[in-house]
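A.B. asks: requesting a structural model of the entry that follows:
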Amino acid sequence: MFIYTNMKETRPKLDPNLDGPNLKRRTSMLNLWWKILVVHIFVFSLATNFHVTSALPMPTNNSSTELIETLIKAIGKAAEFFKDSYKDINVDGLFGLQVGEGQLKESARRLTTTRWLNTSESWRNQLQKIITKMSDVLNLTLDNNLAKDNAYTEEFLRLLKQPFHFERQAQQIGISYNSPPHHIDQNLVYDENFGDNCLARVLGSYIENNRTLPKCTVTKDCLTYMMAPLTSGYYLTHQLLYFIFIQKIGCEGTGLLSQFSERPTIRDLERDFCRRIYQEAQLLTKQKNMDAADQDLFTEQTLLCAPLGFLDFIRTDWMKLVLSMQDPSGCFTDKTTLNIKESARSTSTMRKLMREKFMKGGCLSHKSGLGYGVLTIYLNSLIQDRETNGY
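C.D. replies: Numbering: from 1, shown residues only. Predicted structure coming up:
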């Protein structure tokens, strides 16, 4: 789910119900890696309790005010675009919009309780207008997707019918610029079908033998797959997404997840995922020209890690980078890969609705949803920073 790639699958699809020698050998190897990974995460989580690198400086009061106003303007422009294009927003894009709605509501609440006298009322009024507009957009978009593909939309309906709020715990990941990159296996490519089945089991929408399994169903195969080491890119972000869903649905401490009641906890796993994701994001932003596919991955990385409270992702230069990606129309486009439209339509490894979808003017549904969500995350973080520091 929420994946955009035109990479070809290099290995056979997995079936969660498959039981055979190949899967057993695969599971055995992953189990070994899993044990090694758990030890690594535990040691790292202990280390980060005692040593945390200093965060990149947040903007000053004046520059923060200017950046907040720029973000509100950009978010409002995107909202206007989505109002006119809701029929073309797929489930991918809808998730990003629900993340954005959750962030905007948190921002508006903070502005209501703060004692700022000058700009806060104006900001609050602007946000309330955007929230109201986007509430209508979200309802229309959800109804439209239910009408187009009821079965698939229903599978993720629990997450799509209301604003998405993260369990935020502010902290730094604790890596320096000179930290060596994590090791990866380039042959590991995310299997969307298998991954979606694992996500659906957690959400309580997976149907097996004509019976809908209860929420928080976590199988050994899924847990092993979602904890595989040496992953990167979209595989890595979807591993994180799996555990975010587990927390969101309230599955912690149940079944196989009871092993995470003590260190390493699920929060430790999330920190380790985001540590690796941050290193990848750094490499992406060091490119002289970040192409559209890397922009999509970068915004997905930020969308998942920043609202969890990992302050390393809240960087002024990254905020300006995402703002520069936005089209004057308010959406996010692909201006660098000319043949992606055909690839998105024909690549067999992408699911029907979870591929990127072109909207009017060359805008992209998935990327626009991600970009919108990230802008709201940045805004909420800046407002919270001002609230915390009292300026």
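A.B. asks: what segments of the stretch 201-350 of the chain are helices?
C.D. replies: 220-226, 233-249, 266-285, 292-305, 316-325, 340-346 (DSSP state H, counting those that start in this stretch).
A.B. asks: the helix or strand encompassing Lys73 - what's its average pLDDT?
C.D. replies: Lys73 is part of helix 61-85 when elements are defined by DSSP states H and E. Mean pLDDT, helix 61-85: 93.
A.B. asks: now it against helix 316-325, angle please.
C.D. replies: Going by axes from the mean of the first three to the mean of the last three CA atoms, to 10 degrees, helix 61-85 is angled at 30 degrees with respect to helix 316-325.
A.B. asks: moving C-terminal of helix 61-85, what's the next helix or strand?
C.D. replies: Once the chain leaves helix 61-85, the next helix or strand it forms, by DSSP H and E, is helix 91-113.
A.B. asks: pLDDT weak spots in the protein?
C.D. replies: Counting by pLDDT under 70, the chain contains low-confidence ranges at 1-62, 114-118, 175-181, 336-355, 390-391.
A.B. asks: leaving out chain neighbours, which residue sits closest to the spatially most central residue of it?
C.D. replies: Per CA atoms, centre = their mean, the C-alpha nearest to the average position across the chain is that of Leu304, at 3.3 Å. Excluding the flanking residues, the one nearest Leu304 by CB to CB, 6 or more residues apart in numbering is Leu240, at 5.4 Å. Every C-beta, even on glycine, is put in place using the N, C-alpha and C of the backbone.
A.B. asks: to Asn125, which of the helices of the stretch 201-350 of the chain lies closest?
C.D. replies: helix 316-325 (22.0 Å; CB to CB).
A.B. asks: chain center to that closest one, what's the gap?
C.D. replies: With CA atoms, centre = their mean, to the nearest Å as the basis, helix 316-325 stands 17 Å off its chain's centre.
A.B. asks: list the buried residues for that helix?
C.D. replies: Across helix 316-325, burial judged by 16 or more other CB atoms under 10 Å covers 316, 318-319, 321-323, 325.
A.B. asks: before we move on, back to that, residues in contact with the residue nearest to Leu304?
C.D. replies: Going by CB atoms under 8 Å, 6 or more residues apart in numbering, Leu240 touches 270, 273-274, 277, 304-305.
A.B. asks: quick check: it vs Thr285, distance?
C.D. replies: 19 Å (CB to CB, to the nearest Å).
A.B. asks: and Arg386, by the same measure?
C.D. replies: Distance of Arg386 to Thr285, computed by CB to CB: 25 Å.
A.B. asks: between the two, point out the one with more neighbours.
C.D. replies: Set Arg386 next to Thr285 and count neighbours by other CB atoms under 10 Å: Arg386 wins out with 22 against 14.
A.B. asks: secondary structure element holding that one?
C.D. replies: Per DSSP H and E: helix 365-389 holds Arg386.
A.B. asks: please compute how far that helix lies from its chain's middle.
C.D. replies: Distance of helix 365-389 from the chain centroid (CA atoms, centre = their mean) equals 12 Å.
A.B. asks: list the buried ones in that helix?
C.D. replies: For helix 365-389, burial by neighbour count (16+ other CB under 10 Å) applies to 365-387.
A.B. asks: picking that back up, widest-spaced pair of the contacts of Leu240?
C.D. replies: It's Glu270 and Ile277 that sit farthest apart of the contacts of Leu240, by CB to CB, at 10.0 Å.
A.B. asks: compare neighbour counts for these two and give me the winner.
C.D. replies: Set Glu270 next to Ile277 and count neighbours by other CB under 10 Å: Ile277 wins out with 28 against 24.
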